[in-house]
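*Asks:* Mind folding the following:
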Amino acid sequence: MKIGVAGGGAFGTALGVALALDENDILLWARNPEAVATMQSTRTNSKLPGVTLPARMAFSADLEPLFACDIILLAIPAQTLRGFLTEHADRLVGKHLIACCKGIDLTRMTGPASTIRDLVPNANAAILTGPSFAADIARGLPTALTLACADDEQGAQLQTALSTTALRIYRTADTVGAELGGALKNVMAIASGVAIGAGLGESARAALITRGFPEMQRLAIALGAQPDTLSGLSGFGDLVLTCTSDQSRNYRYGLALGAGEAFDITTTVEGSATARAVRKLAQELDIDMPICAVVAALADGTTDVPTALSALLSRPLKEE
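*Replies:* Prediction:
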């Protein structure tokens, strides 16, 4: 099956590199014609320094070659996924559409796989998620990811098609759990960054990770996820990675918030939008999610770090 990647950012390009190195022919579509020309002529992407793009990767700013692919990895931000699918729904019918983004759509409060099913119901919707940094994938370092597809037979086909020597793919039919694990861990990564940036130390970060995980589980289970999914790669695995490494954009954003420093506004921080969506969902479902609420308030600018930390530390004492 022909494999296409929609999105010329670091993660989409890295996935294309990993698959091409395993002797797959990959078509990468990027919106910017200048970026496409640069990748074609130099075999490099500035977002992946030191990585040579394999010969089996082709590049296009034209969507027609992408629509000719059987499998399309949607490596575009969660908040722009709905617009892309809405605009091109007719051309995506019957395709295997795999979301490679992490977040909750603020328009409909749905995760990426659910958004695909809503807008292109005749496509096979899936999500690829888990603990992974683009730089590691592109360098061929061993990585394990979760592929979630409600149709297990088609999920098994995709698992085989996307697994490589270094990229180990595990499979689940729980798309809700996989997409929520990938989205909610970004909120916790921001909180962890705030703790370190504010000088609270490693122990405080460990406490936030530990208490943040049950928050993730409470919301995911309320929305229909299987509890075990959140304990796997797409939940706990991704949570640990993004809360402990400055390769994570969300963690770096939290560091800047905690230290009172400016942050590059051109950098995509999915956890900021996700925190706002989670706050709304938690209120509607009457679920206690204090860490997510604090991160949403920080992202809104309606509170500051000392006030936010005070709110968390003054919560009533209770059993673990």
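*Asks:* in the stretch 1-150 of the chain, which spans are helices?
*Replies:* 10-21, 33-42, 63-67, 78-88, 112-119, 134-138 (DSSP state H, counting those that start in this stretch).
*Asks:* got the ones you listed as TSV, with mean neighbour count columns?
*Replies:* To be clear about C-beta, it is placed using only N, CA and C from the backbone, and glycine gets the same treatment. TSV is the format used below for those (neighbours: other CB atoms under 10 Å):
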stretch	mean neighbour count
helix 10-21	25
helix 33-42	14
helix 63-67	15
helix 78-88	18
helix 112-119	23
helix 134-138	21
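*Asks:* right, and these - which one's nearest Q217?
*Replies:* Between Q217 and the helices of the stretch 1-150 of the chain, the tightest spacing by CB to CB is seen for helix 112-119, at 18.6 Å.
*Asks:* Tell me what angle that closest one forms with helix 78-88.
*Replies:* 20 degrees (axes from the mean of the first three to the mean of the last three CA atoms, to 10 degrees).
*Asks:* I'd like to know which elements helix 112-119 is packed against.
*Replies:* For helix 112-119, the helices and strands in contact under the criterion 3 or more CB pairs under 8 Å, 6 or more residues apart in numbering; DSSP states H and E are helix 78-88, strand 96-99, strand 124-129, helix 175-197.
*Asks:* can you give me the mean pLDDT across the third one?
*Replies:* Right, strand 124-129. Computed over strand 124-129, the mean pLDDT rounds to 98.
*Asks:* contacting residues for the spatially closest residue to I76 that is not a sequence neighbour?
*Replies:* Counting by CB to CB, 6 or more residues apart in numbering, I76 lies nearest to G7, which is 4.4 Å off, once chain neighbours are set aside. Going by CB atoms under 8 Å, 6 or more residues apart in numbering, G7 touches W29, A30, L73, L74, A75, I76, C100.
*Asks:* neighbours of the first one, just the number please.
*Replies:* When you say that, I think you mean W29. For W29, the count of nearby residues is 25 (other CB atoms under 10 Å).
*Asks:* you'd agree it is up against E64?
*Replies:* No - W29 is not in contact with E64 according to CB atoms under 8 Å; the separation is 9.5 Å.
*Asks:* hang on, the earlier thing: can you redo the contacts of G7 as JSON lines with distance to F213 and pLDDT?
*Replies:* Shown next, in JSON lines, are those (distance: CB to CB, whole Å; pLDDT from 0 to 100):
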{"residue": "W29", "distance to F213": "36", "pLDDT": "98"}
{"residue": "A30", "distance to F213": "36", "pLDDT": "97"}
{"residue": "L73", "distance to F213": "28", "pLDDT": "98"}
{"residue": "L74", "distance to F213": "27", "pLDDT": "98"}
{"residue": "A75", "distance to F213": "26", "pLDDT": "97"}
{"residue": "I76", "distance to F213": "28", "pLDDT": "94"}
{"residue": "C100", "distance to F213": "23", "pLDDT": "97"}
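*Asks:* As JSON lines, those with distance to M289 would be great.
*Replies:* Formatted as JSON lines, the contacts of G7 follow (distance: CB to CB, whole Å):
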{"residue": "W29", "distance to M289": "37"}
{"residue": "A30", "distance to M289": "36"}
{"residue": "L73", "distance to M289": "31"}
{"residue": "L74", "distance to M289": "28"}
{"residue": "A75", "distance to M289": "28"}
{"residue": "I76", "distance to M289": "27"}
{"residue": "C100", "distance to M289": "26"}
